[in-house]
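Student: coords please:
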Amino acid sequence: MTDEALRFPVEGMTCSSCVGRITRALRTLEGVHGVRVDLGRELVTVRREPGSAVDDAIAAAVESAGYHARIDEAIPVDVRPTLLERVLGR
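Tutor: Got it, this is the predicted structure:
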């Protein structure tokens, strides 16, 4: 099954520690396979299995880390496998 990705704004990020807190919070969710936090653009991209890690759970994880996830502004984004995934055939 192919992953899907979702990109949404997050308010309150100011430094690399913020990036780490958000990344760790999202990686604890079942079905999340990747997290990319863009501090400069205040965007988070989550790669997940379809049907898992629902939007509300993602928003709650970000909120529990101390930030405001604007999940209502989320957009789907193209998911491209990483080099390792291509080599392993996943």
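Student: dump the residue contacts of the residue nearest to Arg70 when sequence neighbours are not counted.
Tutor: Excluding the flanking residues, the one nearest Arg70 by Cβ to Cβ, 6 or more residues apart in numbering is Pro9, at 4.4 Å. (Each C-beta comes from the backbone N, C-alpha and C, glycine too.) Taking Cβ atoms under 8 Å, 6 or more residues apart in numbering, we find Pro9 in contact with 42-44, 69-70, 73.
Student: tell me the most packed of those, by neighbour count.
Tutor: Val44 (27 neighbours; other Cβ atoms under 10 Å).
Student: picking up where we left off before, and the helix or strand encompassing the residue nearest to Arg70, how far out from the chain's middle?
Tutor: Per DSSP states H and E: Pro9 is located in strand 4-11. In terms of Cα atoms, centre = their mean, to the nearest Å, the centre of strand 4-11 is set 6 Å apart from its chain centre.
Student: buried set for that strand?
Tutor: For strand 4-11, a neighbour-count test (16 or more other Cβ atoms under 10 Å) marks 4-10 as buried.
Student: with respect to Pro50, which of these is nearest?
Tutor: Glu4 (5.2 Å; Cβ to Cβ).
Student: which strand residues bridge Pro76?
Tutor: Leu6 (DSSP bridges).
Student: OK, contacts around it?
Tutor: So Pro76 contacts 4-7 (Cβ under 8 Å, 6+ apart).
Student: thanks again, I'm all set now.
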